[in-house]
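# Coordinates only, no sequence provided:
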C-alpha cells in the first residue's frame, strides 16, 4: 500500500511540476519573443498578433503576408525583413495560432479574410495592398481579393493550395487529415504538462536527443513528424527557432492546428467554384517539383494571371528561393506605385 501511495505521489508531483514548467515557460516566452509586434482586438475579445516593418511613411502599397495552414508570421521572417527595406509590410498570426487568441469561427478562407480586413481597419493600415500568400494562405488571399477588390493592387500566390488534391474532391487524402486531427488532439495534453516544450526545445534549441527519443516512443507517426519538422524549420533562419519552439510548446497551438485541419473540406467547398479575381494582377509561383497549373486552372484564379516556375523549389518556395519571392514582390510594388501615381496625376 505504501509503495502504491508513493508511486501515486510521485506521478502527481511530476504532473504538477510539468504543468508549472509549462505555465512559467509560456509566460517567459511571451515576454521574450512577442515584444516586436502588437495585439489588435478585432471584436468579441479576439486579439490578433500583428508585426509591422517598414518606414510607415511610404506612399506605395503595403505588402501583407499570409502563412500556410499551421504556420505563423515567423514563416515570412526573412522575406519580410528584406521587403521592408523598400515597402511597408505587415504579417500576423491567424486566430488559433502563434501569439493570437483562440479561433472563434471555422478556419475557412472567407472567415479568415474577414478577420484580416477587420485587423487592418483597426490597426489603421490603409490600402492599397499587395497580398502574398503561401499554400493555404494563398486561398485566404484569393478570398480577400474577391471580397475587397478595391483594396488590392496585386496578389502573389506562393504554391497555393490546390483544392483538387484534398477532400471532398480527393477522398484519398481523408486519412491524412484524420491523422493530422488525431496527432493534434494527442498533442494538447502533452503540451499542457510540459512534454511538448521539452521535446521542441531539445529539437530546436539543444542537441535533439530528447526529441528523438520521444518521437521514437510515438512510433512511425512521431518519426515522420520529426523528419518534416527538421526539414522545414531547418530552412528558416536560426534566430527564429527558439520562437518556433515557443509556439509549438503551447497547448493552444495544437487546438488551433486541429481547427485548421478540420476546416479543409469546407475550405475546398468554398474555393473550388470561387469566382476568378478580375482586373487585379496575380502572379503564381509554382515549384519545379510540382506539375505546373494548366491554363484552365490559372483562368479560374483570375483574368490577369501569370505563372512562374521556381525550378529549384519544393513546396516552401519562399524558403528555397527567397530571392525569387522578394524580386516578385518588388516588381509588384513598383508597378502598383507607378499606377497609383499615374491615377493621382490624372485626377
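Yep, it's here. A quick note: this is a predicted structure, and the numbers were derived from the prediction, not measured.
# helix/strand/coil for residue 306?
Classification of residue 306 by DSSP: H, G, I helix; E, B strand; the rest coil places it in strand.
# residue contacts, it?
Applying Cβ atoms under 8 Å, 6 or more residues apart in numbering to residue 306 gives the contacts 281-284. C-beta: built from backbone N, CA, C; applies to glycine.
# Among those residues, name the ones in strands.
Using DSSP state E, the subset of these located in strands is 282-284.
# Go through the residues you listed and name the one nearest residue 255.
residue 284 (31.9 Å; Cβ to Cβ).
# My guess is that closest one contacts residue 301. True?
Yes. The pair residue 284 and residue 301 qualifies as a contact (Cβ atoms under 8 Å) at a distance of 6.9 Å.
# Tell me where the protein has strands.
For the chain, applying DSSP E gives strands covering 38-43, 46-53, 62-66, 89-93, 129-134, 152-158, 282-287, 305-310.
# Can you lay out those strands as CSV showing distance to residue 232?
Output for those, formatted as CSV (distance: least, Cβ to Cβ, whole Å):
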stretch, distance to residue 232
strand 38-43, 27
strand 46-53, 20
strand 62-66, 17
strand 89-93, 17
strand 129-134, 12
strand 152-158, 14
strand 282-287, 14
strand 305-310, 16
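# Just tell me which of these ends up closest to residue 254.
strand 89-93 (14.6 Å).
# Quick one: distance of the closest one to the chain centre.
10 Å (Cα atoms, centre = their mean, to the nearest Å).
# what does that strand contact?
Under the contact criterion Cβ under 8 Å, 6+ apart, strand 89-93 has outside partners 48-54, 62-65, 67, 72-73, 76, 80, 83, 99-100, 116, 119-120, 123, 125.
# same thing but at 7 Å, please
If you take Cβ atoms under 7 Å, 6 or more residues apart in numbering as the criterion, strand 89-93 is touched by 48-54, 62-65, 72-73, 76, 80, 83, 99-100, 119, 125.
# Can you tell me how far the residue nearest to residue 109 when sequence neighbours are not counted is from residue 104?
Counting by Cβ to Cβ, 6 or more residues apart in numbering, residue 143 is the residue found nearest to residue 109 once chain neighbours are left out, at 3.9 Å. From residue 143 across to residue 104, the span is 18 Å (Cβ to Cβ, to the nearest Å).
# ditto for residue 18
Relative to residue 104, residue 18 is positioned 29 Å away (Cβ to Cβ).
# Could you do residue 45 as well?
9 Å.
# Who has more neighbours out of the two?
residue 104 (14 against 9; other Cβ atoms under 10 Å).
# Next, the contact list for the more buried one, please.
Going by Cβ under 7 Å, 6+ apart, residue 104 touches 44, 46, 95.
# among those, who's most crowded?
Going by other Cβ under 10 Å, residue 95 tops the contacts of residue 104 with 24 neighbours.
# Now that residue, what are its backbone angles?
phi -60, psi 140 (degrees, to the nearest 10).
# I am finished for the moment; much appreciated.
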